[in-house]
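In: The sequence isn't on hand, but the structure is:
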Ligand SMILES: Cc1ncc(COP(=O)(O)O)c(C=O)c1O
């Protein structure tokens, strides 16, 4: 496939105009030049379009879409999605605080996560979140105590582990009994009955999340069927639930995967819940922001060694860890259209002192010289949020584009920013 066809398939919001890579009417080299280092750029139109895909596909089914902000916590994206009617799925007190500061109403927030501290649970109960997805028997007791001490009742769902495959990478599978997530399927009825009787707890829903980057909706259908039979047996025992939370996980295209259409995902879920008096809760992350973001980087140097061409970038594993962590593939395209030159294999690496700081192995690329700029495609999810300052490298900046305008949403950080945040004790 020609690289421009691949670009159109993977990152529909990005294309070449007059030989330069653009998004939202903005020449991306303008942004990377201003950042003077690696920068993530998100197309707000593309983010919104991806969200609206879900909204449209579920229009005929009571549904609450709770964007999983773990994928990308950019404040501008939270505001955009909140304004379009989205809720959010949060997995920490920090995310909850950020979501509230972005104006997301508490009654559209789901709090997920396998371990929540007392402080985080109290914060969620005080804020009045829509639902806390509880993952252990211990957490039920912890939450009951916190809610009663605050004179409140906590709306909960149990995240049930359906003990099924998700058909995705081992590292991002979460719905097998051997994974750390959720309460065991067979324990769920007893825990629901206990929760129902416990002051401070109000069971409202049933929840699951079987994994990320799911490319086949059959896995979801199987997990939904297990959850539905649990719902039905709870209902037969007199427990009336309101929400059926299927988690997130819908995959995207990074290379040549076939990502299911949102419509067929929706059809699978609607079929699974048909006839139930349930509001569906969705927690999509990657599918909304992944294709809508790129990481821009500049070539520092190039060399030939051991018969290989090396392209050394100013971005590194601290900026985008997915290739090092999961051997993930990100397409790399130049910001200036190279025309019809031959593409030859290159190892694309960053400057961090680790052999795993490698983005691509023997990847066909056009000729690249120091100073040339490139974009990593489909980097909008689990990119910036997983960034660190390893090697004292300032975390990458972030920017958004729309209607010919762009702005930094996370400023380029200086060395002073890094130094200022550390303190040596006076007694040293
Ligand atoms: C509980 C929960 N919900 C939603 C998501 C979002 O998943 P994705 O970004 O694959 O849609 C995750 C991510 O793993 C998660 O852990």
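Out: Alright, I've got the coordinates. From a predicted model like this one, the values you see are computed outputs, not experimental measurements. Numbers count the residues shown, from 1 in each chain.

In: Contact partners for the closest residue to the ligand within the stretch 101-250 of the chain?
Out: Residue nearest to the ligand within the stretch 101-250 of the chain (Cβ to the nearest ligand atom): residue 248, separated by 2.8 Å. In short, each C-beta sits where N, CA and C put it, glycine included. Going by Cβ atoms under 8 Å, 6 or more residues apart in numbering, residue 248 touches 68, 89, 209, 212, 282, 283, 284, 285, 286, 287.

In: Residues in contact with stretch 190-201: which ones?
Out: Residues contacting stretch 190-201 (Cβ under 8 Å, 6+ apart): 134, 137, 140, 143-148, 152-154, 156, 158, 183, 203, 234, 237, 239.

In: Now, the residues you listed that are in strands?
Out: Applying DSSP state E to these, the entries found in strands are 134, 154, 156, 158, 183, 203.

In: Which among these count as buried?
Out: Neighbour counting with 16 or more other Cβ atoms under 10 Å marks 134, 154, 156, 158, 183, 203 as buried within these.

In: Please enumerate the strands of the stretch 101-250 of the chain.
Out: With DSSP state E, counting those that start in this stretch as the criterion, the stretch 101-250 of the chain has strands at 109-111, 131-134, 154-161, 183-184, 201-207, 243-245.

In: Now render the ones you listed as JSON lines, adding distance to the ligand and mean pLDDT.
Out: As requested, the strands of the stretch 101-250 of the chain are exported to JSON lines (distance: least, Cβ to the nearest ligand atom, whole Å; pLDDT from 0 to 100):
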{"stretch": "strand 109-111", "distance to the ligand": "8", "mean pLDDT": "98"}
{"stretch": "strand 131-134", "distance to the ligand": "7", "mean pLDDT": "98"}
{"stretch": "strand 154-161", "distance to the ligand": "7", "mean pLDDT": "96"}
{"stretch": "strand 183-184", "distance to the ligand": "14", "mean pLDDT": "92"}
{"stretch": "strand 201-207", "distance to the ligand": "8", "mean pLDDT": "98"}
{"stretch": "strand 243-245", "distance to the ligand": "9", "mean pLDDT": "98"}
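
In: which bits of the stretch 301-428 of the chain sit near the ligand?
Out: Counting by Cβ under 6 Å from any ligand atom, the residues of the stretch 301-428 of the chain lying close to the ligand are residue 381.

In: now the helices: where do they sit in the stretch 301-428 of the chain?
Out: 322-326, 415-420 (DSSP state H, counting those that start in this stretch).

In: Other residues contacting the first one?
Out: Read that as helix 322-326. Contacts for helix 322-326 (Cβ under 8 Å, 6+ apart): 169, 171-172, 317, 328-330, 354, 356-360, 382-383, 386.

In: show me the biggest strand of the chain in terms of residues.
Out: strand 293-305.

In: rewinding a little: check the helices of the stretch 301-428 of the chain for me and report the most buried one.
Out: Of all the helices of the stretch 301-428 of the chain, helix 322-326 carries the top mean neighbour count, a mean of 18, counting by mean count of other Cβ atoms under 10 Å.

In: a markdown table for the strands of the stretch 101-250 of the chain, including distance to residue 102?
Out: Putting the strands of the stretch 101-250 of the chain into a markdown table (distance: least, Cβ to Cβ, whole Å) gives the following:
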| stretch | distance to residue 102 |
| --- | --- |
| strand 109-111 | 11 |
| strand 131-134 | 19 |
| strand 154-161 | 21 |
| strand 183-184 | 31 |
| strand 201-207 | 23 |
| strand 243-245 | 21 |
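
In: Of all those, which one is nearest residue 413?
Out: Nearest to residue 413, of all the strands of the stretch 101-250 of the chain, is strand 109-111, at 28.8 Å by Cβ to Cβ.

In: Quick check: residue 3 touching residue 333?
Out: Yes: taking contacts as Cβ atoms under 8 Å, residue 3 lies within contact range of residue 333: 5.9 Å.

In: neighbour count winner among those two?
Out: Just comparing residue 3 and residue 333: by other Cβ atoms under 10 Å the higher neighbour count belongs to residue 333, 23 against 18.

In: who does the nearest residue to that one once chain neighbours are set aside bridge with?
Out: Leaving aside its sequence neighbours, residue 333 sits nearest to residue 375 (Cβ to Cβ, 6 or more residues apart in numbering; 5.5 Å). Residues in a beta bridge with residue 375, per DSSP bridges, are residue 296, residue 333.

In: Give the burial count for residue 375, as a bare number.
Out: By other Cβ under 10 Å, 25 other residues sit near residue 375.

In: What separation do you get for it and residue 163?
Out: Distance of residue 375 to residue 163, given as Cβ to Cβ, to the nearest Å: 40 Å.

In: Relative to residue 231, how far out is residue 277?
Out: Note on residue 277: its distance to residue 231, by Cβ to Cβ, is 10 Å.

In: ok, now residue 297?
Out: 47 Å.

In: neighbour count winner among the two?
Out: Counted by other Cβ under 10 Å, residue 297 and residue 231 do not tie: residue 297 has more neighbours, with 28 against 20.

In: got the contact list for residue 246?
Out: 208, 209, 220, 223, 224, 227, 269, 280, 281, 282, 283.

In: any residue of stretch 253-271 up close to the ligand?
Out: No: Stretch 253-271 is not in contact with the ligand by Cβ under 6 Å from any ligand atom; minimum separation 10.7 Å.

In: Can you give me the end-to-end span of that stretch?
Out: Across stretch 253-271, the terminal residues are separated by 25 Å (Cα to Cα, to the nearest Å).

In: Going by neighbour count, which residues in that stretch are buried?
Out: Buried positions in stretch 253-271, judged by neighbour count with 16+ other Cβ under 10 Å: 253, 254, 259, 260, 262, 265, 266, 268, 269.

In: Report the secondary structure state of the third one.
Out: Using DSSP: H, G, I helix; E, B strand; the rest coil as the criterion, the local structure at residue 259 reads coil.

In: just to revisit the earlier point, now, the most widely separated pair of the buried residues of stretch 253-271?
Out: Maximum pairwise distance in these, criterion Cβ to Cβ, is 23.5 Å, between 254 and 269.

In: From residue 143, how far off is whatever residue of the stretch 301-428 of the chain ends up closest to the ligand?
Out: For the stretch 301-428 of the chain, the residue closest to the ligand is residue 381, as judged by Cβ to the nearest ligand atom, at 5.9 Å. To residue 143, residue 381 is 29 Å away according to Cβ to Cβ.

In: Look up the pLDDT of the residue nearest the centre of the chain for me, please.
Out: Of all residues in the chain, the one closest to the mean position by Cα atoms, centre = their mean is residue 71, 1.9 Å from it. pLDDT recorded at residue 71 is 98.
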